[in-house]
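*Asks:* Okay, here's the prediction I keep looking at, along with the sequence it came from:
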Amino acid sequence: MDRLFIPFENIESVEVRTLLFQGREETDVLKISLNRAPVTNWSMPAYSVLRKPIAYLDAKTLKMPPTQIDTIWLPLQILGSERDYKVLLSTLREKVDAAAFPEGFFESRNTDYTDSFTSMWFNELRSNSSGPRLLKEGTLINSGAYEIAGSYGTGGFSVVYKAWHHDGIADAPQAVAIKEFLANSSAGQVSQDSSLRQILAEVTTLSKLDHPGIVKLKDHFAENGRVYLVLEAIHGVDLRQYVAQHHPLPQSEVVALCMHMCRIISYLHSLNPPVFHRDLSPDNFMLAHGEIKLIDFNVATTEESAHSTVGKHCYMAAEQFRGEHSFASDLYQFGATMHFLCTGKDPEPLSQSNPSTLREDLSQEFCGLISKLTAYDEAQRPASADLVYAALEKICGVPAL
């Protein structure tokens, strides 16, 4: 695959231009002037830009020996992803003499790119929206950076793929998961825009999270009327699948799993502002090599006042049906998930769970904790995930009946 490499050590100057391309005005185009001194290092910090996003470079230029290229025209807004943008700017700042850039170059771009990238996504979806179709194995997307290797499953207007990441640096491609969001071409513009904002909210949330128990966002981009999130690959099963394979789980194992989950919830609630997941359920906790990972932040929010009814009915607290949520709402969903781990059955909607009615071998203390977590009145639930964790620690020393 053709790539353009920018040798940072050979940059003499950087100018910002506005150009007319195919009848469309492109702003924020970098004119990068190079000297022809020998390049001593073509690995890193040379920066690789995939061919497709670079609209101003023809095949002849790309195939020229690097030392014969005097000027590179690089439109920032059509880089493959926001991650590429940030990597490029941070490397330019680190490797190139500041005198090569116009005054205020970095300050203006570090703050305004997110809005531009959001606009690019809106325009991409509006202009290229097409009907549902599953990407075939071997399909290359994002200019060949990712190769589809299969599908994990579909739901609503999203598909999750197995994929390989070809970054041009590592010796072997890296396994990733790619979540593809489809634009609903039959929906109105307001509905499409709302869906896109929800996707962008998931990107914003995931990009700020750093916890071993939370799936990591690696990249994101828009292409052909679709938005893609590139996530770490988790080689395991969700807790619904795990319970189906191993039910009934002994109380000691359920408690151990719940302690892992509780740490994750505690982390989310401790952030400033706190993150409310709003869709905790056995389907969104993955178990891989003995470790728990929380996934699917599509409806997560940092706003306590975000009035919307989201979640799975059997796992939603009463206040969520009214479009409200709080720390206690996430804890209710956690308690409902605990009920499922014990019984292998979804709890009754809008009910206070007590798994002892289905399993007599569980301790009263453990069943009592689940009942408190799923109390109808949120004021009757434990006040924090930390208190729940402390209760689980005590239960560890209480044998099952």
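*Replies:* On my side now, so go ahead. Because the structure is a prediction, the values reported are computed rather than measured.

*Asks:* Give me the below-cutoff pLDDT ranges for the chain.
*Replies:* Within the chain, the ranges that satisfy pLDDT under 70 run 1-7, 19-28, 36-69, 75-87, 108-132, 155-157, 168-170, 183-195, 304-308, 398-401.

*Asks:* how does this structure divide into domains?
*Replies:* As recorded under automatic domain parsing, the domains making up the chain are 3-127, 140-232, 237-396.

*Asks:* Mean neighbour count and distance to residue 133 for those - can I get that in JSON lines?
*Replies:* Where C-beta positions appear, they are placed from N, C-alpha and C, glycine not excepted. Rendered in JSON lines, the data for the domains of the chain read as follows (neighbours: other Cβ atoms under 10 Å; distance: least, Cβ to Cβ, whole Å):
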{"stretch": "domain 3-127", "mean neighbour count": "15", "distance to residue 133": "15"}
{"stretch": "domain 140-232", "mean neighbour count": "17", "distance to residue 133": "9"}
{"stretch": "domain 237-396", "mean neighbour count": "18", "distance to residue 133": "21"}
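
*Asks:* Those domains into JSON lines, with extra columns for distance to residue 134?
*Replies:* As requested, the domains of the chain are exported to JSON lines (distance: least, Cβ to Cβ, whole Å):
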{"stretch": "domain 3-127", "distance to residue 134": "18"}
{"stretch": "domain 140-232", "distance to residue 134": "6"}
{"stretch": "domain 237-396", "distance to residue 134": "20"}
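
*Asks:* pretty sure residue 359 is touching residue 344, no?
*Replies:* No: Residue 359 sits out of contact with residue 344 when judged by Cβ atoms under 8 Å, with a separation of 9.6 Å.

*Asks:* Common neighbours of the two, please.
*Replies:* Residues touching both residue 359 and residue 344 (Cβ atoms under 8 Å, 6 or more residues apart in numbering) are residue 248.

*Asks:* On the three-state scheme, the residue lying closest to residue 278 once chain neighbours are set aside is what?
*Replies:* If the residues on either side of it in the chain are set aside, residue 278 comes closest to residue 299, at 4.9 Å by Cβ to Cβ, 6 or more residues apart in numbering. Secondary structure for residue 299, judged by DSSP: H, G, I helix; E, B strand; the rest coil, is coil.

*Asks:* Tell me where this protein has strands.
*Replies:* Under the criterion DSSP state E, the chain contains strands at 3-6, 11-21, 24-34, 47-50, 71-75, 140-141, 146-155, 158-165, 174-182, 217-223, 226-232, 237-238, 285-288, 291-294.

*Asks:* circling back to that earlier point, now do the same contact list for the residue nearest to residue 278.
*Replies:* With contact taken as Cβ under 8 Å, 6+ apart, residue 299 is in contact with 198, 277-279, 308, 310-311.

*Asks:* go on, residue 237?
*Replies:* 245, 286-287.

*Asks:* what are the bridge partners for it, then?
*Replies:* Listed beta-bridge partners, residue 237: residue 287 (assigned using DSSP bridges).

*Asks:* List phi and psi for residue 139.
*Replies:* Main-chain torsions, residue 139, degrees, to the nearest 10: phi -60, psi 140.

*Asks:* Distance-wise, check it relative to residue 366.
*Replies:* Taken as Cβ to Cβ, to the nearest Å, the spacing of residue 139 relative to residue 366 amounts to 48 Å.

*Asks:* for residue 358, same thing?
*Replies:* With distances defined as Cβ to Cβ, the gap from residue 358 to residue 366 amounts to 13 Å.

*Asks:* repeat for residue 230
*Replies:* Computed with Cβ to Cβ, the distance linking residue 230 and residue 366 is 39 Å.

*Asks:* so can I have CSV of the strands of the chain showing distance to residue 211?
*Replies:* Formatted as CSV, those follow (distance: least, Cβ to Cβ, whole Å):
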stretch, distance to residue 211
strand 3-6, 34
strand 11-21, 37
strand 24-34, 34
strand 47-50, 30
strand 71-75, 35
strand 140-141, 28
strand 146-155, 22
strand 158-165, 21
strand 174-182, 18
strand 217-223, 12
strand 226-232, 12
strand 237-238, 18
strand 285-288, 13
strand 291-294, 8
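
*Asks:* Relative to residue 385, which of these is closest?
*Replies:* Judged by Cβ to Cβ, the one of the strands of the chain that comes nearest to residue 385 is strand 291-294, at 12.5 Å.
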